[in-house]
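Participant: Make a model of this:
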Amino acid sequence: TGSLGKGLTKEIFKRYDKINQVVVFSRDEQKHFQMREEFSSKKYPKLRFVLGDVRDFESVKSACKNVDCIIHAAAMKHVPFCEYNPFEATKTNVIGTENMVNASLTNNVSRFLLVSTDKVVSPTSCLGATKLLAERVVMNSENIKGYKKTLFACARFGNVISTRGSIVPYFISQIENNQNLTVTDLDMTRYFMTIDNAIDVLIESINNMNGGEIF
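Facilitator: Okay, the predicted model is just below:
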């Protein structure tokens, strides 16, 4: 139900007219409501909303029934919140990913793609460390799945520009309210990709994965 999920949902329906169903799984009731307002049942009759939490294996297992492909984008992603709440970040980013993987294997899902981040490379934050563990969970699942058909892979992003809670909307809000821009370090460099770029990466990763890749 985030910026990426909504953009991806629109693109899936645009590209694949023979799709049977898209399931949106999220624990945030308000975001579910907002997305349902945006995606009317008349225009998107094949869209299904399921309220649940990746931390709860039973709800994940139920949501994954009869699903061919999973794109796992649920995460605690804000660096300060992860730093101040490392146990919560671990529950969502690591245990939540393990639950998603096990639900995929239980339901014989064909393809599983984890949305990851460039912050896993030599991580210096709790966010990077928990997402690195999430990647390892997914990569290891490819090695130990046995006879199961599920393919596992990861797609690493940089900063996706203008997504909810990111720096660009924050700067815009500060400008609109006549506030100073809170630039932490003048030497800071950030590499951005657009939501459209990110969606293309996800769809191409799903289409091209053979199992065990980090895109």
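Participant: from here on, contacts and neighbour counts on C-alpha atoms
Facilitator: Fine.
Participant: ok now do the most centrally placed residue in the chain, which residues does it touch?
Facilitator: Closest to where the C-alpha atoms of the chain average out (Cα atoms, centre = their mean) is A73, at 1.1 Å. By Cα atoms under 8 Å, 6 or more residues apart in numbering, the contact list for A73 reads 5, 114-116.
Participant: and it, what pLDDT?
Facilitator: At A73, the pLDDT value in this model is 94.
Participant: So K119: helix, strand or coil?
Facilitator: helix (DSSP: H, G, I helix; E, B strand; the rest coil).
Participant: Partner strands of the worst-scoring helix or strand of the chain on mean pLDDT, with direction?
Facilitator: For the chain, using mean pLDDT, DSSP states H and E, the weakest element among its helices and strands is strand 159-160, scoring a mean of 81. With DSSP bridges as the test, strand 159-160 is paired with strand 192-193 (parallel).
Participant: what mean pLDDT does the partner strand have?
Facilitator: Strand 192-193 comes out at a mean pLDDT of 85.
Participant: still on that earlier bit, determine the next helix or strand in the C-terminal direction from the least confident helix or strand of the chain.
Facilitator: helix 167-176 (DSSP states H and E).
Participant: which stretches of the protein have low pLDDT?
Facilitator: Low-confidence segments of the chain (pLDDT under 70): 164-165.
Participant: Can you point out the buried residues in the longest helix seen in it?
Facilitator: Longest helix in the chain by number of residues, with DSSP state H as the criterion: helix 126-144. Buried residues in helix 126-144, defined by neighbour count with 16 or more other Cα atoms under 10 Å: 126-135, 137-139, 141-142.
Participant: could you say what helices and strands that helix packs with?
Facilitator: Helix 126-144 is packed against helix 79-84, helix 86-90, helix 96-106, strand 111-117, strand 151-157, with contacts defined by 3 or more Cα pairs under 8 Å, 6 or more residues apart in numbering; DSSP states H and E.
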